[in-house]
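> Need coordinates for the following:
(2 chains)
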Amino acid sequence: MKNRLKVLRAERDWTQADLAERLEVSRQTIVAIEKGKYDPSLPLAFKAARLFEMPIESIFQDEPSAI
Amino acid sequence: MQTLESYCDKEKRNTKSIAVWTGLWLISTAALAFGPKFLWDYHTVISMVLVCVNLFFGYKMVVANKQLLEDLDELQQKIMFLGMAFALGCTVVVATVLGLLEAIRLVDSVINPSSILFVTGISYLVGIAMAKRKYA
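Residues are numbered from 1 along each chain as shown, chains lettered A, B, ... in the order given. Below you'll find the predicted structure:
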């Protein structure tokens, strides 16, 4: 799954620690999500959508795997 | 008004709690192991009281550990889960082999079951390190 967390965070001049605090997760979780190594749960994705005041699909996009 | 506790504050509080209860449990375990011989000459009442104290500290340590896990975020919980899965697997495999060593006459004496605790502890740390590396 691709996401735009890094871009959206940079637009607001937030550090990874700032975003982690706002989403109530650890900084390591933000790092892993931004690098695409970890896909957040639906509640966390919705929380990010509420924080950035954007639809969830504008932040997270599915990457269909090749069949 | 209720103030919201940040993730970092929760982590600090839980870490402090688990450190305190683990420390107390370790001290009471050491007292239980060496006290009867060196301090109170196997006095039954004192030993029984210390067993109760040790169990109480152990219970508080388990509760503190449970609270720590519950307050972790989803990725940290997953990392702990992977670490525990690795530790459980290693413990089962090593304990099975160690249990057979004497039966198949590869060693002369029965291996102390408490040595399994070392396998569990070390494999848990290795499992956590591997999981953290995976998501770093």
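> Near chain B, which residues of chain A? Just list them.
A:20-21, A:24-26, A:28-29, A:31-32, A:37-38, A:40-41, A:44 (Cβ under 8 Å from any Cβ of the partner chain). Where C-beta positions appear, they are placed from N, C-alpha and C, glycine not excepted.
> Most neighbours of all those residues, which one?
Neighbour counts for the residues of chain A next to chain B (other Cβ atoms under 10 Å in any protein chain shown) peak at A:Thr29, which has 26 neighbours.
> Please report the distance of A:Pro55 from A:Arg4.
12 Å (Cβ to Cβ, to the nearest Å).
> likewise A:Phe60?
8 Å.
> what does A:Gly36 give?
11 Å.
> again with A:Ile33
Taken as Cβ to Cβ, the span from A:Ile33 to A:Arg4 is 11 Å.
> Who has more neighbours out of those two?
Per other Cβ under 10 Å, whichever of A:Ile33 and A:Arg4 has more neighbours is A:Ile33, with 26 against 17.
> Assess the claim that the more buried one and A:Asn3 are in contact.
Yes. Counting by Cβ atoms under 8 Å, A:Asn3 is a contact partner of A:Ile33 at 6.4 Å.
> just the helices in chain B please.
B:7-38, B:44-71, B:74-101, B:115-135 (DSSP state H).
> In the last one, which residues are buried?
What that stands for is helix B:115-135. Buried positions in helix B:115-135, judged by neighbour count with 16 or more other Cβ atoms under 10 Å in any protein chain shown: B:Ile116, B:Val119, B:Thr120, B:Ser123, B:Tyr124, B:Gly127, B:Ile128, B:Ala131, B:Lys132, B:Tyr135.
> restrict the residues you listed to contacts with chain A.
Restricting the buried residues of helix B:115-135 to those touching chain A (Cβ under 8 Å from any Cβ) yields B:Lys132, B:Tyr135.
> give me every residue that touches the residue nearest to the spatial centre of chain A.
When Cα atoms, centre = their mean is applied to chain A, the residue found nearest the centroid is A:Leu5 (4.2 Å). By Cβ atoms under 8 Å, 6 or more residues apart in numbering or on different chains, the residues touching A:Leu5 are A:Leu19, A:Ile30, A:Ile33, A:Glu34, A:Ala48, A:Ile59.
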